[in-house]
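Peer 1: Mind folding the following:
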Amino acid sequence: MSVQKASRARRARAIGVWHIRCYERSVTPLQRLQRCAQRAGVLAALLLIPDCAAPERDSGLANLEPLCRANRDCPSDAECVRSRCVSRQTESVPLLVEVIAPAGTPGLAGVAIAQEVQFASREFDIHLGYSSAAVVHLKSEPVVDDACLARLSSQEQSEEDPVPPSARVTFFPRKRQLSLTDAARVVTTTTPSLDDVSLSITLVPGKYDLYVEPLEHDGECLRPPELFLDQEVTASDVSLSIQLGAPQRYDARVRFPASEGSLEGWRLDLVDPDSGLALSSGAVLSDPREAEGTLEYDASVVFVPVHSGTPRTEMVRLTPPEGVTAPTLLVARGVTELFQSDPAIVDQLTSLPKTVTLSGRVVLKGTLDGVEAGLTFVLESLSGLAEGTSVSFSREVRTGTDGTFEASLLPGTYRVVTQPASDQLAQSEEKFSVSGGTPSQAGRTIEIAERRSIQGRLFDFRGNPVAKAQVDLVPVPTFHRGGLALSASAVRFVPSGLAGETESDGRFRLLADPGRFDIVARNVTKDADFSWAFRLGVTVGDGDVVLGDLTERPPLLVHGSVSAEQTGPLPSALIRAYAYVKAGEVSTPDAAEYVLLVGETRANADGDYQLLLPADLAATDD
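Peer 2: Got it, this is the predicted structure:
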C-alpha cells in the first residue's frame, strides 16, 4: 500500500471510530451533538492535511509555542513530532529508569522504583509491576536463664511512666543500583509484647537484608539486634515469618596493663564486619580487679549470630568514652576464643598511645595568606597491633579565620582531607605521619590551591547558543574494595565543584577540585526543544580545562503513560532516566561501573509523560 493510500485508510478509520463514538446509544442527543461539534474541526484537519496523523494523547507538558511545524523546519537527521524537532531514531540503549510516586499514592508514596528499560519506540508505557504489601511476623522464644541479662540502668522504666516494648525492622536492598543510593525502608511498631509482633510495609520485589532491633526489652532480659540476610520478597502480597533466634551469652575478660592507665567507661559489643551493624547488647567496663599488674574487666553481652547460609565471624568492638583520644579496637571474636577459654580473653590492647598535639596552618598556595577550613584526620595505620586486630580513629577540627589549627591525634599515618570555607578554593587530600616522639608537634603547613575552571559553550542542534541551561559537575564515583565497613578508612575523598548556568551566548564557566567529572547540561526552561547534554570523564588537574563547544543533536522523544500494578496510573510521578557508564563511555547494564542522570520529567494529572533524551543514547546497529 502506498503512503498516500495508507494515510487515507488511517483517516477513514479515524472517521469511522469517531462516527461510532458520536452516535453511541449511551449518550443523550445533546451530548451527541456536543461531542460531534467538538470533533468537527479536528476531522477537517485530518481530511485537509495530508501529512497529519490522528492526534496523540497529551504528554503532560504545558502547551508550548510550536518549535517546528513540518519536517522541513528540522535538520536532515530529525523530523517534526509534537511541534519539536526530534531524532529519527526511535530506539534507545538500555537505561535505568527510576519512578518516584508522589505523596498521597496509596502504599507507594515516596517509594523509588528503578528498573532497566530499553525504549523500543517513541510511545512507551512504563509499567512498574506489582509492589509487594509485606506483613512481617516476628516470633521469639523465651530467653533462657543462662542468657538473661538485666537491662542497663539507663534503660530502666519508671513505674509511673512505663514504656511499652517496641521493635524496628529495617529492610536493606541487596541489589544495589550501581551509584544510586538505595534507601532502606524502616518500619517501627509498639506492642505489649515482643513475643509475637506484626508489621506492615510496601516493598519493591527483590532480596533484602532485614535488621531487627528490639527498642525496649522483654521483661528484665536484654534482647540483641538480629540480622537476617537474603530474604526474598516476591511480586505479590507476602507474609514474612521471622523467627528470632535464642540469644547467646558472650562473656569476656578484658585485660589491660595497670601501668598504662585505665579502661574505665569503655564499651564492649559485637558487630558485623561487612555492614558495621551491632549484633549484641553493650557492656560498659567498670570495677576492674588487679592481678599481677594487670587490670581485668569482666563484661557480658548477649547476641544472636547472623542468619545466613554461610558462617560469619562477628567482631568484638571496644569503643572509648566520648572525649577520650583513643582508637576503637576491632578484633575477630574467634581470636578471643582461640583457647576455648570461658570467659573469652580480650588482651590485644596492650597500651594506649600517647596523645600528640599537632598544630599548623592552612595557607593559600604560593602565599602566606591563611585559609579558613575544616580538616578531617583519618588514621590509616597504627603500629604495634596484634594479628587479627584493627583500629578505627578519626578527628575533625576547624581552623581559625587565620588558618591556624590544633588537633589531638594518635601517633600513626593519616589521610588528611581539607575543605576550605570558600567555594572558590579546592579541597585537598594528603598524607601525614605523626610520630610519637614528642607530645607537641608544630609547624605543619597545608597548601590550598584555587579551584580550576572548566569552560565551554553550549549550542542547540540549530547552531544557536543555549542560554540559562544549568551545567552540573558530577564526580565520577571511585570504588573502594575491602576493609571493614565500620572502619574510618571507609571515609573516601570525593572531589566537588560549583555548578553554573550558561550565558546568553551559551558560555559557561565551572569551578572544580582536581579529579574526574561528568559534565551534564540540563534545560531548565519549558520553551526549548533541548534535551540534556553530557560529556563523560573530564579530568581536572593542575590547569584550567577548555571543553570547547558542546552541540546538542536532535533528542530522542519518548512519551506514554506511567502506572503501577495495584494503583493504575501514577499522576505527577517523577521519572528519571540514567545512562549506564564505564570508563568514560555509555555502557551496558552488565558492564557498567555507575549510572548517570541524563533526563527527568514529571507525569501529568492523567499519568502521561513526555521525556527528551540525549541523542547519544540512541541504539546503534553494532
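Peer 1: Just the element for the nearest residue to Asp237 once chain neighbours are set aside, please.
Peer 2: Distances taken as CB to CB, 6 or more residues apart in numbering put Ala133 closest to Asp237, at 4.6 Å, once the chain neighbours are dropped. Just so you know, the C-beta spots here come from the backbone N, C-alpha and C atoms, and that holds for glycine as well. For Ala133, the element it lies in under DSSP states H and E is strand 132-139.
Peer 1: cool, and Lys468?
Peer 2: Going by DSSP H and E, Lys468 is not in any helix or strand.
Peer 1: burial of it, as a residue count?
Peer 2: Lys468 is flanked by 12 other residues according to other CB atoms under 10 Å.
Peer 1: The closest residue to Cys148 other than its chain neighbours and Pro142, how far apart?
Peer 2: Excluding the flanking residues, the one nearest Cys148 by CB to CB, 6+ apart is Cys221, at 4.1 Å. Distance from Cys221 to Pro142, counting by CB to CB, to the nearest Å: 9 Å.
Peer 1: Would you mind telling me which of those two has the busier surroundings?
Peer 2: Cys221 (18 against 11).
Peer 1: I'd guessed the more buried one sits against Glu141; true?
Peer 2: No - using CB atoms under 8 Å as the test, Cys221 is too far from Glu141 to be in contact (11.5 Å).
Peer 1: And the helices in the stretch 251-400 of the chain?
Peer 2: Along the stretch 251-400 of the chain, the stretches classed as helices by DSSP state H, counting those that start in this stretch are 333-336.
Peer 1: Can you show me the strands along it?
Peer 2: 267-271, 283-284, 289-291, 294-303, 315-319, 328-332, 344-346, 356-364, 373-381, 389-392, 394-398 (DSSP state E, counting those that start in this stretch).
Peer 1: In a markdown table: these, plus mean neighbour count and distance to Ala421.
Peer 2: What follows is the strands of the stretch 251-400 of the chain, written out as a markdown table (neighbours: other CB atoms under 10 Å; distance: least, CB to CB, whole Å):
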| stretch | mean neighbour count | distance to Ala421 |
| --- | --- | --- |
| strand 267-271 | 22 | 35 |
| strand 283-284 | 19 | 38 |
| strand 289-291 | 9 | 50 |
| strand 294-303 | 20 | 43 |
| strand 315-319 | 24 | 31 |
| strand 328-332 | 21 | 29 |
| strand 344-346 | 20 | 42 |
| strand 356-364 | 19 | 10 |
| strand 373-381 | 19 | 6 |
| strand 389-392 | 21 | 27 |
| strand 394-398 | 15 | 9 |
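Peer 1: surely Arg312 meets Ala332?
Peer 2: No - Arg312 lies out of contact with Ala332 (CB under 8 Å); the separation is 10.7 Å.
Peer 1: Can you pull out the low-pLDDT segments for this protein?
Peer 2: Counting by pLDDT under 70, the chain contains low-confidence ranges at 1-66, 150-165, 176-183, 190-195, 216-220, 339-340, 383-388, 479-492, 524-529, 621-622.
Peer 1: care to break it down by domain?
Peer 2: Domain assignment for the chain by automatic domain parsing gives 3-55, 132-152+163-243, 248-346, 356-447.
Peer 1: Of all the ones you listed, which one comes closest to Val546?
Peer 2: domain 356-447 (18.2 Å; CB to CB).
Peer 1: Just the helices from this protein, written as ranges.
Peer 2: All helices of the chain, identified by DSSP state H, fall at 3-22, 29-48, 333-336.
Peer 1: name the helices or strands packed onto the last one?
Peer 2: The helices and strands touching helix 333-336, judged by 3 or more CB pairs under 8 Å, 6 or more residues apart in numbering; DSSP states H and E, are strand 315-319, strand 344-346.
Peer 1: Any chance of the ones you listed in CSV with distance to Asp209 as columns?
Peer 2: Listed next are those as CSV, based on distance: least, CB to CB, whole Å:
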stretch, distance to Asp209
strand 315-319, 17
strand 344-346, 27
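Peer 1: quick one: terminal-to-terminal distance for stretch 282-296?
Peer 2: Stretch 282-296 has an end-to-end distance of 18 Å (CA to CA, to the nearest Å).
Peer 1: can you list the residues that contact it?
Peer 2: 152, 253-259, 262-269, 297, 299-301 (CB atoms under 8 Å, 6 or more residues apart in numbering).
Peer 1: Buried by neighbour count: which residues of stretch 110-120 qualify?
Peer 2: Buried residues in stretch 110-120, counted by 16 or more other CB atoms under 10 Å: 111-114, 117, 119.
Peer 1: Identify the residues contacting the nearest residue to Phe124 once chain neighbours are set aside.
Peer 2: In space, Phe124 comes closest to Gly560 once its chain neighbours are excluded; the distance is 4.7 Å by CB to CB, 6+ apart. By CB under 8 Å, 6+ apart, Gly560 lies in contact with 123-126, 608-609.
Peer 1: Quickly note the distance from Gly560 to Arg553.
Peer 2: If you go by CB to CB, the gap between Gly560 and Arg553 works out to 22 Å.
Peer 1: Noted, bye for now.
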